[in-house]
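Student: prediction below, plus the sequence it came from.
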Amino acid sequence: MPETSSVPSDPVPRAAERGAGRWLPLLPGLLLAVAAAAAAYAAHLLLPAVPAMSFAVVLGVLVANLPGLRAAAGGTARPGLAFSARTLLRTGIVLLGLKLSLGALAQLGVGGLLLIAGVVAAAFAGTYLLARAFRLGGDQPLLLAAGFSICGVSAIGAVAAARGSRGQDVAVPVALVTLCGSLAIAVLPAIMVAADLPAELFGVWVGSSVHDVGQVVATAQTAGTVALAAAVVVKLARVLLLAPIVAGVAWHRRSTAQDAGRPPLVPLFIAGFAAMVLLGSSGWLPPDVLDAAAMLQDWLLAMALFGLGTGIRVRELARGSVASLAVALLAWLLIAALGLGAARLIVG
């Protein structure tokens with residue numbers, strides 16, 4: 001009778017197979033998201049005033065709503081797109097912390113930082129109340145408030161992740177914060193010339209009132225390097241406030257949830273964001289590493305927002321668009337007025 005082998009099967013290949021089995025279903029969606037991010041950055045090069053993140057959302061909406069492409073978003077690509085919209089979004093927010101430097105923020109002093117915090121708080125509350133007054137539905141009031149008061153699309157994505165918002169509620173705030181930020185690039189320099197504003201005051205105004213970081217740079221550089229340097233420092237102070245705002249949203253969600261389904265008090269990705277702020281401010285990381293992390297962060301957010309866009313239906317998006325536009329324009333005027341007042345107090 002032939003002998004049978006008693007050697008146990010090797011567990012390593014089986015573990016590798018299980019690991020590959022988890023990732024293989026994600027590949028079609030991830031590859032689609034990478035291609036969409038590349039297309040979004042190509043479009044951004046052609047129209048620099050519009051952030052690549054906004055193009056990524058638009059591409060996602062097109063894929064989800066055009067008959068010839070709809071099947072791709074809802075079929076084999078769905079797991080990877082969902083992974084992008086959730087996990088890659090959180091990873092991108094964590095890496096955003098590396099762009100902040102506590103040393104640079106110290107230039108504003110305690111008084112300046114408190115003024116910027118006051119602008120953010122007033123703009124957040126004002127935008128939220130406007131959206132509620134115009135009866136915007138879902139999480140749109142909260143997301144508009146975050147986007148207009150803090151840092152545009154990145155803030156909308158972070159708050160949506162902490163809140164568990166529907167992709168449908170994300171699309172309108174992203175579109176409106178992009179529209180108003182793009183308007184600022186044209187309008188604010190014209191006001192500077194007409195009012196004969198000093199370069200530093202103009203830079204602080206831009207940093208405290210324009211939404212997306214790229215739009216801040218595009219607007220402030222029209223007045224030279226002094227304005228640009230002031231704008232970037234003030235904008236970093238606003239971005240730093242992303243952590244407490246998102247933590248507050250998460251706390252509110254936890255306090256109103258059932259015991260069995262409570263989210264964590266502070267989302268893990270916000271704790272990671274805070275840790276990256278400290279790491280980036282330590283000076284331990286060389287500039288090449290910080291540059292690479294910044295590029296990766298931009299790509300991850302573009303992929304994530306494309307994934308969110310594929311969950312949006314245009315028919316639902318069109319409802320209430322006039323009210324949303326009115327809220328956005330009023331919020332834009334509000335934060336511009338608050339930012340100018342803060343700039344005059346900071347510069348003197």
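Tutor: Happy to help now that I have it. Numbering: from 1, shown residues only.
Student: pull the contacting residues for residue 119.
Tutor: For residue 119, the contacting residues are 149, 208-209, 238, 335, 338-339, 342, by C-beta atoms under 8 Å, 6 or more residues apart in numbering. C-beta: built from backbone N, CA, C; applies to glycine.
Student: quick check, nearest of these to residue 91?
Tutor: Among those, residue 238 lies closest to residue 91 (C-beta to C-beta), at 21.8 Å.
Student: state whether that closest one and residue 123 are indeed in contact, as I suppose.
Tutor: No: the pair residue 238 / residue 123 is not scored as a contact, 9.4 Å apart, by C-beta atoms under 8 Å.
Student: between the two, which contacts overlap?
Tutor: residue 149.
Student: around the residue lying closest to residue 95 once chain neighbours are set aside, how many other residues sit close by?
Tutor: Nearest residue to residue 95, sequence neighbours excluded (C-beta to C-beta, 6 or more residues apart in numbering): residue 297, at 3.7 Å. Number of residues near residue 297 (other C-beta atoms under 10 Å) recorded here: 21.
Student: do the same with residue 229
Tutor: Neighbour number of residue 229 under other C-beta under 10 Å is 17.
Student: again, but for residue 27
Tutor: Number of residues near residue 27 (other C-beta under 10 Å) recorded here: 13.
Student: ditto for residue 33
Tutor: Other residues near residue 33 come to 30 when the count uses other C-beta under 10 Å.
Student: next one: the host helix or strand of it to chain centre, how far?
Tutor: Assigned by DSSP states H and E, residue 33 belongs to helix 27-46. Relative to its parent chain, helix 27-46 has a centroid offset of 17 Å by C-alpha atoms, centre = their mean, to the nearest Å.
Student: re earlier: so which of the contacts of residue 119 are in helices?
Tutor: For the contacts of residue 119, the ones inside helices are 208-209, 238, 335, 338-339, 342, with DSSP state H as the criterion.
Student: quick one: secondary structure of the residue nearest the centre of the chain?
Tutor: The chain has residue 154 as the residue nearest its centroid, 0.8 Å off, counting by C-alpha atoms, centre = their mean. What DSSP: H, G, I helix; E, B strand; the rest coil gives for residue 154 is helix.
Student: that one touches residue 245, doesn't it?
Tutor: No: counting by C-beta under 8 Å, residue 245 is not a contact partner of residue 154; they are 11.8 Å apart.
Student: mind listing the strands for this protein?
Tutor: Assigned strands in the chain: none (criterion: DSSP state E).
Student: let's test this: mean pLDDT of stretch 212-220, rounded?
Tutor: Average pLDDT, stretch 212-220: 83.
Student: how far off centre is it?
Tutor: Worked out by C-alpha atoms, centre = their mean, stretch 212-220 lies 14 Å from the chain centre.
Student: can you give the distance from stretch 78-98 to the centre of its chain?
Tutor: Distance, stretch centre to chain centre, for stretch 78-98: 11 Å (C-alpha atoms, centre = their mean).
Student: give me the buried stretch members for it, please.
Tutor: 78-85, 87-98 (16 or more other C-beta atoms under 10 Å).
Student: same thing with stretch 178-198?
Tutor: 178-185, 188-189, 192, 197.
Student: what is the distance between it and the centre of its chain?
Tutor: Per C-alpha atoms, centre = their mean, the centroid offset for stretch 178-198 relative to its chain is 23 Å.
Student: can you check stretch 195-205 too?
Tutor: That offset, for stretch 195-205, works out to 27 Å (C-alpha atoms, centre = their mean).
Student: please apply the same query to stretch 134-147.
Tutor: With C-alpha atoms, centre = their mean, you get 15 Å for stretch 134-147.
Student: same deal with stretch 189-208?
Tutor: That offset, for stretch 189-208, works out to 25 Å (C-alpha atoms, centre = their mean).
Student: list the contacts of residue 267.
Tutor: Contacts of residue 267 by C-beta under 8 Å, 6+ apart are 90, 161-162, 246-247, 250.
Student: kindly recompute the last result at 10 Å.
Tutor: Taking C-beta atoms under 10 Å, 6 or more residues apart in numbering as the criterion, residue 267 is in contact with 90, 93, 158, 161-163, 243, 246-247, 249-250, 253-254, 273.
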